[in-house]
Each structure stands twice: as C-alpha cells, then as structure tokens.
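Colleague: Sequence and predicted structure are below.
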Amino acid sequence: MRLTRFTDVALRVLMRLAVVEHEDPPTTREVAAAMHVPYSHAAKVVARLQHLGLVEARRGRGGGLALTAAGRSASAGGLVRELEGPGDVVECEGAAPCPLRSDCRLRNALRAAAEAFYASLDPLTVTELVSSPTGPLLISLSGRPPADV
C-alpha cells in the first residue's frame, strides 16, 4: 500500500510540531522548509489538520502552529484512514471497469490487507512517533538546540 503525498506530509508536519511544542511556535513556512516540502502544499495540509482539530494556527506576532491535545494523542492509523479517505487499493470501477469486479476474491483480500495495514498503525500516537531516535533527528532539522523530548 502506498500513501498519498498529502498524508505523508500531514504525518510529518504533526511529528514536527510534536517535537517543538516547548519552543516558539513555528510558522507554516518554517515547518515546510524543515520538512523539505513546498509551502503551498504544507499550507493545504495545515488547513486540513486545523479542520480536524489536530493543529492550532495563530496569526500575527507570537503566532505560529501548535499541536492540540487531540493532535498529540491522535492514532496514526486513524489519521491515515481519515486522510486517505475511503476507497479500494486498486481501481476496480472507473472508465474501464474490471470485468472481475463482481466476483473478485483479490478485491476483498486487498481490502483486508489495507485494514491490517491501518490496524498496525492504530496503537501508535503522534507523541509515540517522535520518541527517540526520531524526535532528536526532527529537532536537528531546524538547527535549534535539542530540547527535552
């Protein structure tokens, strides 16, 4: 299974915010630069994460991005399910529908495999994703001195 770029960036943004929560809140532009993603893409991701209640964005002097309590405790599996949306791993319908789609065992097996993939991520929270060694590495990307992670 392959995640969309949007989901990948969203997870990385959440992880980045989880390690800088005791510092000055970074801006979307700073997070985008640290994660090596285009600002426009990061801005769309941040807007979606705000809508989900996972990130708080404050404008103006002293503003920036902060992870909410819901963001810190969010399940990685739940996030991936939400961000990827419903759908099959392979395209069975569409412009050229598969002739096997009505009685295909592969389609059901792929659905089960996708659910097993999500289930393996369910126990992990965003906070757990940034435990050592990941957290210190994320902090080093900004050039800031390491804080207690």
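Modeller: That came through fine. Since the model is a prediction, treat every value here as computed from it, not as a measurement.
Colleague: okay, CA-based contacts and neighbour counts for the rest of this
Modeller: OK.
Colleague: how about the residue of the chain most remote from its centre, secondary structure?
Modeller: The C-alpha centroid of the chain is most remote from residue 99, which lies 35.0 Å away (Cα atoms, centre = their mean). On the three-state scheme (DSSP: H, G, I helix; E, B strand; the rest coil), residue 99 is labelled coil.
Colleague: Which neighbouring residues are in contact with the residue most central in space within the chain, exactly?
Modeller: The geometric centre of the chain, computed from its C-alpha atoms, lies nearest to residue 11 (Cα atoms, centre = their mean), at 2.1 Å. Residues in contact with residue 11, defined by Cα atoms under 8 Å, 6 or more residues apart in numbering, are residue 76.
Colleague: Name the single longest helix found in this structure.
Modeller: Longest among the helix segments of the chain by residue count, using DSSP state H, is helix 105-121.
Colleague: other SSEs contacting that one?
Modeller: With contacts defined as 3 or more Cα pairs under 8 Å, 6 or more residues apart in numbering; DSSP states H and E, the secondary structure elements packing on helix 105-121 are helix 76-84.
Colleague: picking up where we left off before, against residue 98, how distant is the residue nearest to the centre of the chain?
Modeller: Relative to residue 98, residue 11 is positioned 33 Å away (criterion: Cα to Cα, to the nearest Å).
Colleague: what do you get for residue 129?
Modeller: 38 Å.
Colleague: In terms of neighbours, single out the busier of the two.
Modeller: Remark: of residue 129 and residue 98, residue 129 carries more neighbours, 19 against 12, as counted by other Cα atoms under 10 Å.
Colleague: Skip the chain neighbours and tell me the closest residue to the more buried one.
Modeller: By the measure of Cα to Cα, 6 or more residues apart in numbering, the closest residue to residue 129 outside its immediate chain neighbours is residue 15, 6.9 Å from it.
Colleague: three-state assignment of that neighbour?
Modeller: Looking at residue 15 with three-state DSSP, the answer is helix.
Colleague: That one contacts residue 126, correct?
Modeller: Yes. Taking Cα atoms under 8 Å as the definition, residue 15 is a contact partner of residue 126 at 6.2 Å.
Colleague: No further queries at this time; thank you.
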